[in-house]
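Peer 1: Got a sequence here, can you build the structure:
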Amino acid sequence: MSTTRRAFAQRSAALAALAAGAGHLPAFGQSLDLAKIICGFPPGGTSDAISRRIADKLRGNYANNVVVENKPGAGGQIGVSTLVASPPDGSAMLLTPSSMLSIYPFVYKTLPYKPLEDVQPVSLACYFNHAFGVGPAVPASVRTIKDFLNWSKDNPGKGNYGSPGAGSMPHLIVALLNKLTGSDLKHVPYRGSAPGIQDLLGGQISSMSSPIGDYLPYLKSGRLRLLAISGQNRSPFVPDVPTYRQQGYPITVREWYGVFLPGKASPDVVRRAAAYLQPALAQKDLIESMAAVGMEVESSSPQKLGDLLRSDADEWRRLIKQIGFTAES
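Peer 2: Next up is the predicted model:
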């Protein structure tokens, strides 16, 4: 294990011990006046919705006021960079999908941050599946991934797909599909899911790879339909939609959101954040509201989140090598 990874592991383990007593909130002294949750994606998407739900639960206890600060761009990198440049006093937290920390180090030659040094794990927030959806640009007869690949082959120039950003997990899922099937679906990166979904609805793109929650508001109306789910099993939110694996494509991934502080945050600051986040994430109304955007809520200790990040990074290092993908490809 490298020095950096060893330091990260030791730091996470120490913080886990501090957070172990978070079930009963200790006295932390004066509350923060203002705290912000940094979201690396624009308003209207899944990341923004989760950030606002958590901010609501922390407002009035963790800090007198908790706001969401949207910092979209570069597939979530700007959000991470904003956290890194923030004071390490607990007044700034980042809610981010795992891609920015577990995948980007292997697809970008340079990053404006070091995932194992510049961020401090606090708590897991939730798990979710990605889905492959199509809109009005695709005929209603297209019901499976195989159908879509055949339609794309028969209609040159129309086989494209959007994602929340280049190098994100939704992007790489379809890049892997291209590799496995010899297809050439063209990638259209967006600054977050919300603008991509709007273009999908408008027929500007034919398909989208994105978190499942982004599609849920449009499925009952039939404006969008899902062809595949990325997880090991079908999603409880759309049980009629088969997984990629059930359709014969060996693709099985599930992403998570985690909450992080700046890397220089002290153990006391991390302990305080974890102590307020864990009970906030256990509240029934938050769990139900998160289900409305396709999320399965689960909190964790800082150590568990750190372990999960390292495990995922090791897996994506292997997968990206298999895909042969770089940010320039």
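Peer 1: Longest strand in the chain, by number of residues?
Peer 2: strand 119-128 (DSSP state E).
Peer 1: Follow the chain on from it and name the next helix or strand.
Peer 2: strand 130-134 (DSSP states H and E).
Peer 1: got the CA positions of that next one in CSV?
Peer 2: Below are the C-alpha coordinates for strand 130-134, written out as CSV (Å, rounded to 0.1, in the frame of the first residue of the first chain):
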residue,chain,number,x,y,z
HIS,A,130,-27.9,3.8,-13.2
ALA,A,131,-30.3,3.3,-16.1
PHE,A,132,-30.2,3.4,-19.8
GLY,A,133,-33.3,5.3,-21.1
VAL,A,134,-34.6,6.4,-24.5
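Peer 1: Which elements pack onto the helix or strand that it is followed by?
Peer 2: Following strand 130-134 in sequence order, the next helix or strand is helix 145-154 (DSSP H and E). Under the contact criterion of 3 or more C-beta pairs under 8 Å, 6 or more residues apart in numbering; DSSP states H and E, helix 145-154 touches strand 130-134, strand 225-229. For every residue, glycine as well, the C-beta is placed using N, CA and C.
Peer 1: List just the one of these that sits closest to Val188.
Peer 2: Nearest to Val188 among the helices and strands packed on helix 145-154 is strand 130-134; the distance by C-beta to C-beta comes to 13.6 Å.
Peer 1: Tell me the helices and strands packed up against the closest one.
Peer 2: Using 3+ C-beta pairs under 8 Å, 6+ apart: strand 130-134 touches helix 145-154, helix 169-181, strand 207-211, strand 225-229.
Peer 1: Can you add mean pLDDT, mean neighbour count and distance to Phe325 and give the ones you listed back as TSV?
Peer 2: TSV is the format used below for those (pLDDT from 0 to 100; neighbours: other C-beta atoms under 10 Å; distance: least, C-beta to C-beta, whole Å):
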stretch	mean pLDDT	mean neighbour count	distance to Phe325
helix 145-154	98	17	19
helix 169-181	94	22	5
strand 207-211	95	28	14
strand 225-229	98	22	20
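Peer 1: can those go into a markdown table with extra columns for distance to Asp268?
Peer 2: Converted to a markdown table, these look like this (distance: least, C-beta to C-beta, whole Å):
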| stretch | distance to Asp268 |
| --- | --- |
| helix 145-154 | 49 |
| helix 169-181 | 33 |
| strand 207-211 | 34 |
| strand 225-229 | 41 |
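Peer 1: Quick one: closest of the ones you listed to Tyr244.
Peer 2: Using C-beta to C-beta, the helices and strands packed on strand 130-134 put strand 225-229 closest to Tyr244, at 4.8 Å.
Peer 1: Now do the buried residues in the longest strand of the chain.
Peer 2: Within strand 119-128, the residues scored as buried using 16 or more other C-beta atoms under 10 Å are 119-126, 128.
Peer 1: can you give me the angle it makes with strand 207-211?
Peer 2: Interaxial angle, strand 119-128 versus strand 207-211 (axes from the mean of the first three to the mean of the last three C-alpha atoms, to 10 degrees): 120 degrees.
Peer 1: and the residue most central in space within the chain, what does it touch?
Peer 2: Centroid-nearest residue in the chain, with C-alpha atoms, centre = their mean: Pro97, separated by 2.4 Å. Pro97 sits next to 47, 76, 168-169, 211, 255-257 when contact means C-beta atoms under 8 Å, 6 or more residues apart in numbering.
Peer 1: That one pairs with what?
Peer 2: Tyr257 (DSSP bridges).
Peer 1: how about the longest helix along the chain as PDB, C-alpha atoms only?
Peer 2: Among the segments of the chain that qualify as a helix by DSSP state H, the longest is helix 302-323. Taking Å, rounded to 0.1, in the frame of the first residue of the first chain, the C-alpha atoms of helix 302-323 are listed here in PDB:
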ATOM      1  CA  PRO A 302     -16.000   7.500   8.200                       C
ATOM      2  CA  GLN A 303     -13.900   4.300   8.100                       C
ATOM      3  CA  LYS A 304     -16.500   2.400   6.100                       C
ATOM      4  CA  LEU A 305     -16.800   5.100   3.600                       C
ATOM      5  CA  GLY A 306     -13.000   5.300   3.200                       C
ATOM      6  CA  ASP A 307     -12.800   1.500   2.800                       C
ATOM      7  CA  LEU A 308     -15.600   1.600   0.200                       C
ATOM      8  CA  LEU A 309     -13.800   4.300  -1.800                       C
ATOM      9  CA  ARG A 310     -10.600   2.400  -1.900                       C
ATOM     10  CA  SER A 311     -12.400  -0.900  -2.900                       C
ATOM     11  CA  ASP A 312     -14.300   0.900  -5.700                       C
ATOM     12  CA  ALA A 313     -11.100   2.600  -6.900                       C
ATOM     13  CA  ASP A 314      -9.300  -0.800  -7.200                       C
ATOM     14  CA  GLU A 315     -12.300  -2.200  -9.200                       C
ATOM     15  CA  TRP A 316     -12.500   0.700 -11.600                       C
ATOM     16  CA  ARG A 317      -8.800   0.700 -12.200                       C
ATOM     17  CA  ARG A 318      -9.300  -2.800 -13.600                       C
ATOM     18  CA  LEU A 319     -12.500  -2.000 -15.600                       C
ATOM     19  CA  ILE A 320     -11.100   1.200 -17.200                       C
ATOM     20  CA  LYS A 321      -8.000  -0.800 -18.300                       C
ATOM     21  CA  GLN A 322     -10.400  -3.400 -19.800                       C
ATOM     22  CA  ILE A 323     -12.400  -0.600 -21.600                       C
END
